[in-house]
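Colleague: Next one to model:
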Amino acid sequence: MSETTAVPAVPAARGETRPEDVAVETAPLVDGSNGRPFVVVGVDGSASSEAAVEWAAEECARRGARLVLLHVLEPVVGSVLTVESRRYRARSVGDTVGDLWDQVNQLRDRRVDAEGQVEEGVPDRVLIMASQDAELLVVGAEGADRHRGLLLGEVAQRCARAAGCPVVIIPPPGGRPDPTA
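Modeller: Prediction:
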């Protein structure tokens, strides 16, 4: 079982999220129980991630599959959280949920069968676990915390090696910058 942050039906306005507004519950990672095929796309706000969402939406339309946008929150390291750090974490989670909700609604406006999910854990592990029942896993080549000069980010590399389904790695828009420039 993994920790899942429930996406509220009507998210609060940005900056108004209180710790009690963010519910954490135990739920299956990605529910494939309805038998309908689905594609999982890792989202982190990076340019590669945005391109991955667009590519995955088009692929889902071709396949007649459901699109699951999955954002992974890294766990908090340390056992003691101050009141201020808890508030910051709650605001951060609220902003993440709000951004994901916006993306899902934009996709639904385009008639894409999409849903969003926020999980807490190590990104590559959570994505690999989600890939076990998926038809396809789509990730960006470079994440939000990319290291310059790497052809692929660490999460993309690990997913390519260990996913339970085919993996599509999407480059950033405009391709890679010239490393000699």
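Colleague: low-scoring stretches of the protein, by residue?
Modeller: Low-confidence segments of the chain (pLDDT under 70): 1-34, 78-81, 143-151, 175-181.
Colleague: For it, just list every one of the strands.
Modeller: 2-5, 24-27, 38-42, 66-73, 114-120, 136-140, 167-170 (DSSP state E).
Colleague: Contacts for the fourth one next, please.
Modeller: Strand 66-73 is contacted from outside by 5, 30, 36-44, 53, 56-57, 60, 93, 96, 100, 103-104, 107, 112-123, 126-127, 130, 134, using Cβ atoms under 8 Å, 6 or more residues apart in numbering. C-beta here means a position set from N, CA and C on the backbone, and glycine is covered the same way.
Colleague: rewinding a little: now for the strands of the chain, which one comes closest to residue 154?
Modeller: strand 136-140 (11.0 Å; Cβ to Cβ).
Colleague: Are any of the contacts of strand 66-73 buried, and if so which?
Modeller: The neighbour-count criterion (16 or more other Cβ atoms under 10 Å) marks 5, 30, 38-44, 53, 56-57, 60, 93, 96, 100, 103-104, 107, 112-121, 123, 126-127, 130, 134 among the contacts of strand 66-73 as buried.
Colleague: possible to save the strands of the chain as JSON lines with distance to residue 88?
Modeller: Output for those, formatted as JSON lines (distance: least, Cβ to Cβ, whole Å):
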{"stretch": "strand 2-5", "distance to residue 88": "15"}
{"stretch": "strand 24-27", "distance to residue 88": "16"}
{"stretch": "strand 38-42", "distance to residue 88": "24"}
{"stretch": "strand 66-73", "distance to residue 88": "13"}
{"stretch": "strand 114-120", "distance to residue 88": "15"}
{"stretch": "strand 136-140", "distance to residue 88": "26"}
{"stretch": "strand 167-170", "distance to residue 88": "31"}
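Colleague: closest to residue 48 out of those strands?
Modeller: strand 136-140 (2.6 Å).
Colleague: Which elements pack onto that closest one?
Modeller: strand 38-42, helix 47-63, helix 123-130, helix 154-162, strand 167-170 (3 or more Cβ pairs under 8 Å, 6 or more residues apart in numbering; DSSP states H and E).
Colleague: Give me the sheet partners of the shortest one and which way each runs.
Modeller: The reference is to strand 167-170. strand 136-140 (parallel) (DSSP bridges).
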